[in-house]
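1. just a sequence and a predicted model for now, questions to come.
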Amino acid sequence: MNIEISFVGTQQGLEAKVLPREGFELKTILSAGLLGKKRLTRWMSWAKLPVGTAQSMCFLIRKRPDLVVGVGGYVSGPLVLSAWILRIPILIHEQNSIPGLTNKWLGKVADKVAVSFKESAKFFSKDKVELTGNMIREEFCQPRESFPKGPRGLFRVLVLGGSQGAHSINVAMVEALESLASKKGNIHITHQTGESDFEMVKREYENSGLSHDVRPFIDGMAEQYRKASLVVCRAGATTLAEVTACGKVSVLIPYPHAAHNHQEKNARVLDAADAGELVLDQELSGPRIAQSILHAMDNPERMEEMEENSYQLGNRDATEKVRQICMELLEDATPKSGHAGKTQGNYVLSCF
């Protein structure tokens, strides 16, 4: 089947940088979040809503997609509702354990809802929802047997803060270096800092004498996950999907200002499954993070148990499951979308 895919997002979103670089078409519309905004900013967001809806309607009428896929961002609202009005099949993908407000609303009009966590299935109609896991790149889904082995006895810590870095994690790790000095020669830390803290963090690692690799960004993430003995990170849905797909133990420090506190709720799923350790951002400090790392180093058998728990949580076939749902919806797309005269391949529109 010949399938064409386009994406819809905003000019301010990360998609505006990534997708054109990868060769995908990106349509941008006016849209902004409403939750957690101050009064003036919230009114500006409301003002963008009718404009974004009009842009969505015009774009859908012109492109005539056979399927619209929404992943819960604020762009999904006007575009998916426009697709519903035009009777275009809709798939919603919920990444977090507790759905955001947008997906809760859109789930009522969607034809199918794919969820990453079984905990979120109860928020949607039983006849629509399917547990798929969160889609990640194929390189993260290789069998554990293919993972490279690091130097024997070397404990490798991977510290991540997302594309922008995480200042509180950066500061805590810098403060933890003194407590980890006793393990010099037995530990290596790879730390992704983001741009703003890079020079400060790099300087502190150099002064510590610990084996390290400090970078503002990391491109080869799959390789870094596979080499890691322990991952220190935020608790975004994609990060957790990658961690569990690779079967890695994690110290999870949820971003405290995430909408609906969804990162903490995501982290609690792994914590309850004994696949990771939850450390709240307000509890984070150098001694606290050093304690978690040292405990992991001193308890290899315990780490093996947690690695197995993490691996069992991983949904390495999530992308294939979502693809199958898309294909099923596309089979009925022509009569439902009113495209009886179409002879070309199917057209899929994905919105952030």
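-> Cool, got the structure. Numbers count the residues shown, from 1 in each chain.

2. now do the strands in the stretch 1-150 of the chain.
-> Ranges of strands within the stretch 1-150 of the chain are 3-9, 25-28, 67-70, 90-94, 112-115, 129-131, based on DSSP state E, counting those that start in this stretch.

3. sorry, that was for the stretch 201-350 of the chain
-> Counting by DSSP E, counting those that start in this stretch, the strands of the stretch 201-350 of the chain are 211-215, 230-233, 250-252, 276-278, 346-351.

4. and the second one, how far from the chain's centre?
-> Read it as strand 230-233. Offset of strand 230-233 from its chain centre (C-alpha atoms, centre = their mean, to the nearest Å): 15 Å.

5. just the mean pLDDT for that strand, thanks.
-> Averaged over strand 230-233, pLDDT sits at 98.

6. next one: the longest one
-> Confidence over strand 346-351 (mean pLDDT, whole number) is 71.

7. cool, the fourth one as well?
-> Here the mean pLDDT over strand 276-278 is 98, rounded to a whole number.

8. so which elements touch it?
-> The contact analysis (3 or more C-beta pairs under 8 Å, 6 or more residues apart in numbering; DSSP states H and E) places strand 276-278 against strand 250-252, helix 262-272. C-beta here means a position set from N, CA and C on the backbone, and glycine is covered the same way.

9. sorry, back to before: turn the strands of the stretch 201-350 of the chain into CSV, including distance to residue 86 and mean neighbour count.
-> Shown next, in CSV, are the strands of the stretch 201-350 of the chain (distance: least, C-beta to C-beta, whole Å; neighbours: other C-beta atoms under 10 Å):
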stretch, distance to residue 86, mean neighbour count
strand 211-215, 45, 17
strand 230-233, 40, 25
strand 250-252, 41, 26
strand 276-278, 43, 22
strand 346-351, 11, 23
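
10. how about the helices and strands packed on strand 276-278 in a markdown table, adding mean pLDDT and distance to residue 126?
-> Converted to a markdown table, those look like this (pLDDT from 0 to 100; distance: least, C-beta to C-beta, whole Å):
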| stretch | mean pLDDT | distance to residue 126 |
| --- | --- | --- |
| strand 250-252 | 98 | 30 |
| helix 262-272 | 96 | 21 |
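
11. against residue 270, how distant is residue 306?
-> For residue 306, the distance to residue 270 (C-beta to C-beta, to the nearest Å) stands at 9 Å.

12. can you tell me how far residue 202 sits from residue 192?
-> 12 Å.

13. pull out the buried residues from stretch 15-28.
-> Residues 15-16, 19, 26-28 are the ones in stretch 15-28 that count as buried (16 or more other C-beta atoms under 10 Å).

14. among the helices and strands packed on strand 276-278, which is the most enclosed?
-> Highest mean neighbour count of those: strand 250-252, a mean of 26 (counted as mean count of other C-beta atoms under 10 Å).

15. if anything else comes up later, I'll come back, but that's it for now.
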